[in-house]
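Colleague: Return atomic coordinates for the entry below.
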Amino acid sequence: MTAHLDLAFAALSDPTRRAIIARLGSGEATVKELAKPFAISLPAVSRHLRVLENANLVRQERERQFRRYRLNPEGLQTAAEWLDFYRRFWSESFERLDEHLKGTKSKGKTHGKVRASRRKS
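Modeller: Sure, this is the predicted structure:
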């Protein structure tokens with residue numbers, strides 16, 4: 001799983017590849033269709049697609065002489081599960097920290113009141 005995760009995040013580190021993933025989110029497309037919004041050559045787009053394929057994020061299907069690409073939900077699921085684990089971890093950690101800080105704050109107020117009453121005596 002670690003190797004797949006490394007490949008997925010390395011592939012997603014490039015803005016062109018993220019844009020290709022976003023485009024494929026609305027449906028399958030050919031290399032030519034995917035290349036339209038970019039000022040790069042068709043071979044360059046094909047190289048980006050090869051990286052995404054190696055990372056298991058997209059799938060290629062041949063349709064006569066055309067290659068159509070679509071998202072591979074299984075590959076995206078691996079990255080999503082990893083991110084979800086750490087989202088939960090940090091969310092729970094922040095909640096515990098918040099509870100701790102609220103407890104410390106209320107103890108500090110009580111402690112301060114005791115000191116103030118001692119000074120009056």
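Colleague: Show me the strands in the chain, by range?
Modeller: Here the chain has its strands, by DSSP state E, at 29-30, 58-63, 66-71.
Colleague: Can you lay out these as TSV showing mean neighbour count, mean pLDDT and distance to residue 98?
Modeller: Every residue, glycine included, has its C-beta placed from N, CA and C. As requested, the strands of the chain are arranged in TSV below (neighbours: other C-beta atoms under 10 Å; pLDDT from 0 to 100; distance: least, C-beta to C-beta, whole Å):
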stretch	mean neighbour count	mean pLDDT	distance to residue 98
strand 29-30	15	95	45
strand 58-63	14	90	40
strand 66-71	16	92	37
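Colleague: Of all the ones you listed, which one comes closest to residue 9?
Modeller: strand 58-63 (15.1 Å; C-beta to C-beta).
Colleague: Could you check the angle that closest one makes with strand 66-71?
Modeller: Taking axes from the mean of the first three to the mean of the last three C-alpha atoms, to 10 degrees, one finds strand 58-63 and strand 66-71 inclined to each other by 150 degrees.
Colleague: Show me what strand 58-63 is packed up against.
Modeller: Here strand 58-63 touches helix 15-24, helix 42-54, strand 66-71, going by 3 or more C-beta pairs under 8 Å, 6 or more residues apart in numbering; DSSP states H and E.
Colleague: Can you tell me what sits against stretch 18-34?
Modeller: Outside stretch 18-34, the residues that touch it by C-beta atoms under 8 Å, 6 or more residues apart in numbering are 12, 37-38, 42, 45-46, 48-49, 52, 57-58, 61, 66-71.
Colleague: okay, how far is it across that stretch, tip to tip?
Modeller: End-to-end span of stretch 18-34 (C-alpha to C-alpha, to the nearest Å): 12 Å.
Colleague: Show me what counts as buried in that stretch.
Modeller: The neighbour-count check on stretch 18-34 (16 or more other C-beta atoms under 10 Å) flags 20-21, 23-24, 28-29, 31, 33-34 as buried.
Colleague: swap in stretch 39-51?
Modeller: Neighbour counts over stretch 39-51 (16+ other C-beta under 10 Å) mark 45, 48-49, 51 as buried.
Colleague: From these, pick the one nearest residue 91.
Modeller: Lowest distance from residue 91 to the buried residues of stretch 39-51 (C-beta to C-beta) belongs to residue 51, with 31.5 Å.
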